[in-house]
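Colleague: A predicted structure for the sequence below; I have some questions about it.
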Amino acid sequence: MRILIRLLALGALLVLSQKSHALTCTMDGTYLADYYLETTVAISNTMPKGTVVWRSPNRIGTLKCWQEQPAGAELVYLYASPESNLALGEDIEIGINIDGTDYTYSNLTQVKNGIKREPTELKLDGCRSFAGCEDQAKIKTVSYNFFFSKRSPANTGQAKEGPVSSQSKFAVFQLDGEGGLNPKVGSNYRQYVHNLHNLRYIACSSTIALSQSTINFGSLSNVNAQRDQIARQKPFSITANKNCDSAYGLAALLKPLTDAKLDAQREHVLVPEDNKSVGITLHDMDNNERVVPFNQEFELVPHSQDRTVTRHFAARAVWLTDKANTTLGKFNAGATIDIYYK
């Protein structure tokens, strides 16, 4: 009887140790996601290490994970660059943002079977059925994007030009179990990015100057305030300078700071936290006063060899309420501008 107990314990240990074979994850019911890089992404040697040169649109999806064999409790892990990080060369590395936190490949400290990884907050309770435990699946809403960042330090020496990589596609990450990557291909959610030939080197980078970093609307009178009426408009400009003749463009991405939020119905309207009776919109005066979006890339400088380009914009304070509902007092709102080379 004593020997039988030992054999049973050993058998259980063998089953529970095979975690890399036991976990399946899907995102919105699929195992695979492909993103096609449609625009060029330009990288200069002079960019500092850690510079984000491109970021994908944010995706919000439903992550579902369960164990397909008997196994103990385990965390779900994000495995970065599950195929090879070498495809991006010596100057660029992949990064993943999960629920608002950036993880770059070089900063990940955990390694399993040669693949760098980061634990997620999702934990499975264990499974005792050889038929699997999809009925005990853990489900979580996940927000993620991925990005390319400068891996090497700034270098003012010999400029590089041409493509960064000859690869057609790159595996960004895979969601898998504690024991490592599941050898069963297509059983766990994996993100790919295609068209790496659009990553290219350029000979120099640009400096960006704002005509004014703080826009002061002054005192606004609510005597004639009406919803959606422009209370005041202030012009400003952005100038880009470079010291070489490399042809490239610049894209920009506006993000609200914590002192403001976007209007729920109109996501181009920035609403100050300290006064919700006023909204702020930005307009491209060089393009028929077109609204400048938040959280969405827009063209700041067209692709060209021009060394100096100035773009003209306007900030508008817009009433979000009528006179009777306006809140008296100051209002403050801010935004950051991320610049990407194209």
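Modeller: The structure has been received and is ready for your questions.

Colleague: just the strands in the stretch 51-200 of the chain please.
Modeller: Secondary structure of the stretch 51-200 of the chain (DSSP state E, counting those that start in this stretch): strands at 52-55, 59-67, 74-80, 92-98, 101-104, 110-112, 115-124, 138-150, 162-163, 169-176, 190-194, 199-202.

Colleague: mean pLDDT, distance to Phe130 and mean neighbour count added to those, as JSON lines?
Modeller: Placement of C-beta: from N, CA and C, glycine included. As requested, these are exported to JSON lines (pLDDT from 0 to 100; distance: least, C-beta to C-beta, whole Å; neighbours: other C-beta atoms under 10 Å):
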{"stretch": "strand 52-55", "mean pLDDT": "92", "distance to Phe130": "43", "mean neighbour count": "20"}
{"stretch": "strand 59-67", "mean pLDDT": "95", "distance to Phe130": "11", "mean neighbour count": "18"}
{"stretch": "strand 74-80", "mean pLDDT": "95", "distance to Phe130": "17", "mean neighbour count": "22"}
{"stretch": "strand 92-98", "mean pLDDT": "93", "distance to Phe130": "32", "mean neighbour count": "21"}
{"stretch": "strand 101-104", "mean pLDDT": "93", "distance to Phe130": "35", "mean neighbour count": "16"}
{"stretch": "strand 110-112", "mean pLDDT": "94", "distance to Phe130": "25", "mean neighbour count": "12"}
{"stretch": "strand 115-124", "mean pLDDT": "94", "distance to Phe130": "16", "mean neighbour count": "18"}
{"stretch": "strand 138-150", "mean pLDDT": "95", "distance to Phe130": "20", "mean neighbour count": "18"}
{"stretch": "strand 162-163", "mean pLDDT": "80", "distance to Phe130": "49", "mean neighbour count": "10"}
{"stretch": "strand 169-176", "mean pLDDT": "94", "distance to Phe130": "20", "mean neighbour count": "23"}
{"stretch": "strand 190-194", "mean pLDDT": "96", "distance to Phe130": "26", "mean neighbour count": "19"}
{"stretch": "strand 199-202", "mean pLDDT": "88", "distance to Phe130": "46", "mean neighbour count": "21"}
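
Colleague: and those as a markdown table, adding distance to Ala247?
Modeller: Below are the strands of the stretch 51-200 of the chain laid out as a markdown table (distance: least, C-beta to C-beta, whole Å):
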| stretch | distance to Ala247 |
| --- | --- |
| strand 52-55 | 17 |
| strand 59-67 | 31 |
| strand 74-80 | 33 |
| strand 92-98 | 20 |
| strand 101-104 | 29 |
| strand 110-112 | 41 |
| strand 115-124 | 36 |
| strand 138-150 | 20 |
| strand 162-163 | 13 |
| strand 169-176 | 25 |
| strand 190-194 | 24 |
| strand 199-202 | 8 |
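
Colleague: give me the low-pLDDT residue ranges for the stretch 201-342 of the chain?
Modeller: Of all residues in the stretch 201-342 of the chain, those with pLDDT under 70 make up the ranges 324, 326.

Colleague: if you set the cut-off to 50 instead, what comes out?
Modeller: Across the stretch 201-342 of the chain, nothing is flagged by pLDDT under 50.

Colleague: ok, which stretches of it are strands?
Modeller: Taking DSSP E, counting those that start in this stretch, the strands of the stretch 201-342 of the chain run over residues 206-210, 230-242, 248-256, 260-262, 270-272, 278-284, 290-291, 298-304, 308-319, 335-341.

Colleague: what are the buried residues along the longest one?
Modeller: Applying a neighbour-count criterion of 16 or more other C-beta atoms under 10 Å, one finds 231, 236, 238, 240, 242 buried in strand 230-242.

Colleague: next: the last one.
Modeller: By 16+ other C-beta under 10 Å, the buried positions in strand 335-341 come out as 339-341.

Colleague: turn these into a markdown table, including distance to Ser84.
Modeller: What follows is the buried residues of strand 335-341, written out as a markdown table (distance: C-beta to C-beta, whole Å):
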| residue | distance to Ser84 |
| --- | --- |
| Ile339 | 29 |
| Tyr340 | 25 |
| Tyr341 | 25 |
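
Colleague: pick the one among these closest to His312.
Modeller: Distance to His312 across the buried residues of strand 335-341 (C-beta to C-beta) is lowest for Ile339, with 17.4 Å.

Colleague: beta partners of that closest one?
Modeller: On the basis of DSSP bridges, Ile339 is bridged to Ala252.

Colleague: just the terminal-to-terminal distance for stretch 109-125.
Modeller: 25 Å (C-alpha to C-alpha, to the nearest Å).

Colleague: next one: stretch 298-313
Modeller: From its first residue to its last, stretch 298-313 covers 13 Å (C-alpha to C-alpha).

Colleague: buried set for it?
Modeller: Of all the residues in stretch 298-313, those buried under the rule 16+ other C-beta under 10 Å are 298, 300-301, 309, 311, 313.

Colleague: check stretch 195-213 too.
Modeller: Residues of stretch 195-213 classed as buried by neighbour count (16+ other C-beta under 10 Å): 195-196, 198-206.

Colleague: alright, that wraps it up for me.
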